[in-house]
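Student: Got a sequence here, can you model it:
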Amino acid sequence: MSNEQNKPALVIMAAGMGSRYGGIKQIDPVGNYGEVILHYSVYDAVKAGFGKIVFVIRPDIEKDFVEAVMNKIPSNIDTSYVFQTLESELPHPVETKRTKPWGTAHATLCSSSVVDTPFAVINADDYYGVEVFSDVIPFLNKMSNDSTAFAMAGYTLSKTLSDNGYVSRGLCKTDAHNLLTSIVEWERIERVNGKIEVRHKEDDDPLFVKDDELTSMNFFCLNPMFFEKVRAAFREFLKDPYNLGKNEIYLPILLGELIDKGEATVEVIPTNSNWFGMTYIEDRPKVKRAFKKLIDEGIYPSPLWKMD
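Tutor: Modelled structure (predicted):
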């Protein structure tokens, strides 16, 4: 294998439906030259020492994705894409009327045919900040393909909220060795009257949490061994007919279950990176202003890449 092939990969999940956003937010431009959020993640990752970049997308956005994303990345960066469909990686045929994908753990599994090194997995519509990719690369560089010692980037909750509505986040607890002991996925987190409220469902009574709660932003450091863990969980998931409706397999929940069963550890790598993202269409102006500021400060060139 060449040195490039031995480098950690980056898997970018870009197959989400964007129901709260109201469109295909993965390819909504935010930069001066049509750059989308994930372009900045690719730029930061390659600069930090990542090799292959793999996008997980839906077949129905392929043409637009290639035009808006793939064609604007230099050819010397190793990029490819795979599809996440309801049929992808199914252990057996199932009958379901659902149209929504099976979730983030399943999206990760869809990259298994092209990823054969340790890798990080992130969301397409989140800007994770410059530093985080450098923060995690030492862990990935020393990680073996058959290890069950995984990692995640840990963010501060107050820095990950939207001004325009609720977000979904995994709230985390760690032990004295900075290993994850629990991760609870909350479907609805928002700041109301100065306090952060969390709910599992809209009509639940709110619980209140502190601004500095440790938070997962779906930035995990994994390896090919993890694919086997997802396959096993997916087989069990599909045995329950109730799950064939709208239920999903979330990465944070699966990792939490593996920790509970003693089948894996997850080291939390704290980061001071600044996060922002586009959960809602109303978030877009703020995101565009944030990137303009980063460009003005010289953090990013504009255009991001000079194409041949």
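Student: Report the buried residues of the strand ranked longest in the chain.
Tutor: Determined from DSSP state E, the single longest strand within the chain is strand 180-192. Residues of strand 180-192 classed as buried by neighbour count (16 or more other C-beta atoms under 10 Å): Leu180, Ile183, Trp186, Arg188, Ile189, Glu190. All C-beta spots, glycine's among them, are computed from the backbone N, C-alpha and C.
Student: CA atoms only: put it into PDB for me.
Tutor: Output in PDB follows, covering the C-alpha atoms of strand 180-192 (Å, rounded to 0.1, in the frame of the first residue of the first chain):
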ATOM      1  CA  LEU A 180     -17.400   7.500  27.400                       C
ATOM      2  CA  THR A 181     -19.600   5.900  30.000                       C
ATOM      3  CA  SER A 182     -23.000   6.900  28.500                       C
ATOM      4  CA  ILE A 183     -24.400   8.800  25.600                       C
ATOM      5  CA  VAL A 184     -28.100   9.700  25.400                       C
ATOM      6  CA  GLU A 185     -29.600  10.900  22.200                       C
ATOM      7  CA  TRP A 186     -32.100  13.700  22.600                       C
ATOM      8  CA  GLU A 187     -34.400  14.500  19.700                       C
ATOM      9  CA  ARG A 188     -35.300  18.100  20.700                       C
ATOM     10  CA  ILE A 189     -32.700  20.400  22.300                       C
ATOM     11  CA  GLU A 190     -33.200  24.200  22.300                       C
ATOM     12  CA  ARG A 191     -32.600  27.300  24.300                       C
ATOM     13  CA  VAL A 192     -35.800  28.800  25.700                       C
END
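Student: any idea of the mean pLDDT in that strand?
Tutor: Strand 180-192 carries an average pLDDT of 91.
Student: Could you list the paired strands of that strand along with their orientation?
Tutor: In the sheet, strand 180-192 lines up against strand 167-174 (antiparallel), strand 195-199 (antiparallel) (DSSP bridges).
Student: Make TSV out of these and add distance to Phe150, mean pLDDT and mean neighbour count.
Tutor: As requested, those are arranged in TSV below (distance: least, C-beta to C-beta, whole Å; pLDDT from 0 to 100; neighbours: other C-beta atoms under 10 Å):
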stretch	distance to Phe150	mean pLDDT	mean neighbour count
strand 167-174	13	90	19
strand 195-199	25	94	17
